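>>> here is a sequence together with a model predicted from it:
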Amino acid sequence: MALVASIHVDLGWKLPQVQLQDTSLNRVNLQDFMGENGLLIAFTCNHCPYAIAIWPRLIRHAKTLRLQGINTVAINPNIHPDFPEDSLPAMQEKIKEWDIDFPYLADESQSVAKAFDAQCTPDLYLFKNNASLYYHGRIDDYWKDERKVTVEELLPATQAMLKGEASPKVQHPTIGCSIKWKGA
């Protein structure tokens with residue numbers, strides 16, 4: 001597993017018009033998940049230790065954000081024959097095991113991850129309700145053990161967004177396992 005960091009993307013770019021697959025093999029439009037006040041998109045997977053470490057926080061934060069009109073979608077770009085633990089059946093198992101109550105979608109072609117310039121799992125993108133990117137950074141300052149977190153970053157960014165404030169000037173990249181690109 002290669003450790004990589006998310007790369008800088010320009011704030012304000014628009015949410016791409018893309019389709020993905022849910023775990024029941026239905027095609028869905030990502031834009032249809034936009035909440036009244038925004039959408040959090042998390043590129044993640046089942047096997048990466050960095051992703052596994054933040055899943056509980058992501059699930060908990062999604063509940064908080066939903067109450068504020070911000071929906072959450074997780075996208076797995078690692079649908080790859082060399083990683084069966086990230087397959088659609090494995091995703092279905094994780095949805096039940098972790099009680100994920102928001103869409104967990106498959107990016108089998110990896111075209112959505114490429115459209116976002118996603119690099120790692122996890123990689124977080126927060127969009128305003130006008131579909132413009134507001135925040136691209138980490139969930140907090142300690143991925144490994146949430147008991148050691150000293151600074152929340154995602155939740156304060158969402159609060160600033162809801163207040164109509166400018167995007168946070170400092171947005172630390174996430175770190176995680178590299179996306180398992182097909183053909184690489």
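Done, it's in.
>>> what kind of secondary structure is the residue nearest the centre of the chain in?
Most central in the chain under C-alpha atoms, centre = their mean is Ala42, positioned 0.3 Å from the mean C-alpha point. State at Ala42, reduced to three classes by DSSP: H, G, I helix; E, B strand; the rest coil: strand.
>>> the top helix by length along the chain: what's the following helix or strand?
Assignment by DSSP state H gives helix 49-67 as the longest helix of the chain. Next in sequence after helix 49-67, counting helices and strands by DSSP states H and E, comes strand 70-76.
>>> contacts for that next one next, please.
Contact with strand 70-76 is made by 20, 30, 33-35, 37-46, 58, 61-62, 65-66, 86, 91, 100, 102-107, 112-113, 126, 158, 162, as judged by C-beta atoms under 8 Å, 6 or more residues apart in numbering. Every residue, glycine included, has its C-beta placed from N, CA and C.
>>> give me the below-cutoff pLDDT ranges for this structure.
1, 184 (pLDDT under 70).
>>> now the helices for it?
Counting by DSSP H, the helices of the chain are 49-67, 88-98, 111-116, 154-162.
>>> what about the ones you listed, which gets the closest to Lys182?
helix 111-116 (10.7 Å; C-beta to C-beta).
>>> can you list contacts of that closest one?
Contacts of helix 111-116 (C-beta under 8 Å, 6+ apart): 9, 16, 18, 20, 30, 41, 43, 75, 77, 107, 123, 125, 179.
>>> need the CA coordinates for that helix. PDB is fine.
C-alpha atoms of helix 111-116 as PDB (Å, rounded to 0.1, in the frame of the first residue of the first chain):
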ATOM      1  CA  SER A 111     -13.700   7.700 -14.400                       C
ATOM      2  CA  VAL A 112     -15.300   9.500 -11.400                       C
ATOM      3  CA  ALA A 113     -12.100   9.400  -9.300                       C
ATOM      4  CA  LYS A 114     -10.200  10.700 -12.300                       C
ATOM      5  CA  ALA A 115     -12.700  13.500 -12.900                       C
ATOM      6  CA  PHE A 116     -12.200  14.600  -9.200                       C
END
